[in-house]
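Enquirer: take a look and give me a structure for this.
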Amino acid sequence: MLMIVPLNSLKPGERGIVVNLQGGPGFRNRLLGMGITPGAVVQVIEVYNPGPLIISVSGTRFAIGRGMASRIIVRKL
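Expert: As a prediction, this is how the structure comes out:
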């Protein structure tokens, strides 16, 4: 069964493949600059409550806000 969910619903240690970026050109370009593109594998490293998510993409770690993470749609692995 395919689980298509927003990135912010993943727990630390879980991974997903990016399937969609829900936002305008500025949002998409910012994510593309970080390597978060459709087809990229993203792993959630840590979740701070309240606060950002620490994610890993291609071996690089980023902190992203919950609002941004909610607009990154992934297929859970």
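
Enquirer: how distant is the longest helix seen in the chain from the center of its chain?
Expert: In the chain, taking DSSP state H as the definition, the longest helix is helix 25-33. In terms of Cα atoms, centre = their mean, to the nearest Å, the centre of helix 25-33 is found 13 Å from the chain centre.

Enquirer: now what about it, what contacts it?
Expert: 21, 23, 37, 68, 71, 72 (Cβ atoms under 8 Å, 6 or more residues apart in numbering). Where you see a C-beta, it was placed from the backbone N, CA and C, and this is true even at glycine.

Enquirer: give me the buried positions along stretch 41-53.
Expert: 42, 43, 44, 47, 52, 53 (16 or more other Cβ atoms under 10 Å).

Enquirer: now the helices for the chain?
Expert: 25-33, 66-70.

Enquirer: in a markdown table, list those helices along with distance to residue 5.
Expert: Shown next, in a markdown table, are those (distance: least, Cβ to Cβ, whole Å):
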| stretch | distance to residue 5 |
| --- | --- |
| helix 25-33 | 17 |
| helix 66-70 | 10 |
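
Enquirer: for the protein, give me the ranges with low pLDDT.
Expert: Residue ranges of the chain with pLDDT under 70: 1.
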